[in-house]
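Peer 1: 3D model of this:
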Amino acid sequence: MKFLGLNGSLRADSTNRQLLLAAIAMCPPGHEIEVFENLGGLPHFNPDDSIDSSAELARFVREVRSSDGIIISSPVYARGYPGTLKNALDWLVGVDAFVDKPFMMLSASNRMPEIELTLVTVLETMSGFHVDKASIAVPLLGTRLSADEITANSEWATSIRGALQRFAETVSARQTPPLD
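Peer 2: This is a model prediction of the structure:
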């Protein structure tokens, strides 16, 4: 099973990127997380343009469509989420790539939970399926920890592993046809 990670930060060494890299290292067996590395390379959303107007945009939509679930790790900027992430999400509105797509949130800060709720509302409006019990905040604000340092913290590692396991189980259960 493949999950797609979206990092809302453009900083090369952002805390949210390190959190996603830690999640990759702790992904349950039989599952993988691939991070889309170029949200900043997507063109500005314009509903007059097609998805095929940019090779990178077409690749982004293909990766979202082919993933079994989305994991979003995003900073809070000015009491909101970054414009780069919003731009990427806007491109998904007019296509079927995100319809009924399970998603979870990883947050490197627990200071602004209402921003996470705002983003969840946007994603649910886009017809995504929020796996609520999988979304977590890891208190990394103000740190410059690497993914290895995050995974070495037993409390955080337990929390991240548990969230990923709940996410994987929910996604698997949604894909398994019911028995007659």
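
Peer 1: ok, now which ones touch L39?
Peer 2: 6-8, 10, 60, 84-85, 87-88 (Cβ atoms under 8 Å, 6 or more residues apart in numbering). All C-beta atoms are positioned from the backbone trio N, CA, C, and that covers glycine.

Peer 1: swap in 7 Å and give it another go.
Peer 2: 6, 84-85, 88 (Cβ atoms under 7 Å, 6 or more residues apart in numbering).

Peer 1: so the residue positioned nearest the centre of the chain versus S107, what's the distance?
Peer 2: Residue closest to the mean C-alpha point of the chain, counted by Cα atoms, centre = their mean, is I72 at 1.8 Å. Distance of I72 to S107, given as Cβ to Cβ, to the nearest Å: 9 Å.

Peer 1: just confirm the residue nearest to the centre of the chain is within a helix.
Peer 2: No - using DSSP: H, G, I helix; E, B strand; the rest coil, the assignment for I72 is strand, not a helix.

Peer 1: can you tell me who it pairs with across the strands?
Peer 2: As for beta bridges, I72 partners with L6, M105 under DSSP bridges.

Peer 1: the helix or strand hosting A163: how far from the chain's middle?
Peer 2: Per DSSP states H and E: A163 is located in helix 154-175. With Cα atoms, centre = their mean, to the nearest Å as the basis, helix 154-175 stands 14 Å off its chain's centre.

Peer 1: tell me what that helix is packed against?
Peer 2: Contacts defined by 3 or more Cβ pairs under 7 Å, 6 or more residues apart in numbering; DSSP states H and E place helix 154-175 against helix 15-25, strand 102-107.

Peer 1: just the angle between the first one and strand 102-107, please?
Peer 2: Think helix 15-25. Orientation of helix 15-25 against strand 102-107 (axes from the mean of the first three to the mean of the last three Cα atoms, to 10 degrees) gives an angle of 120 degrees.
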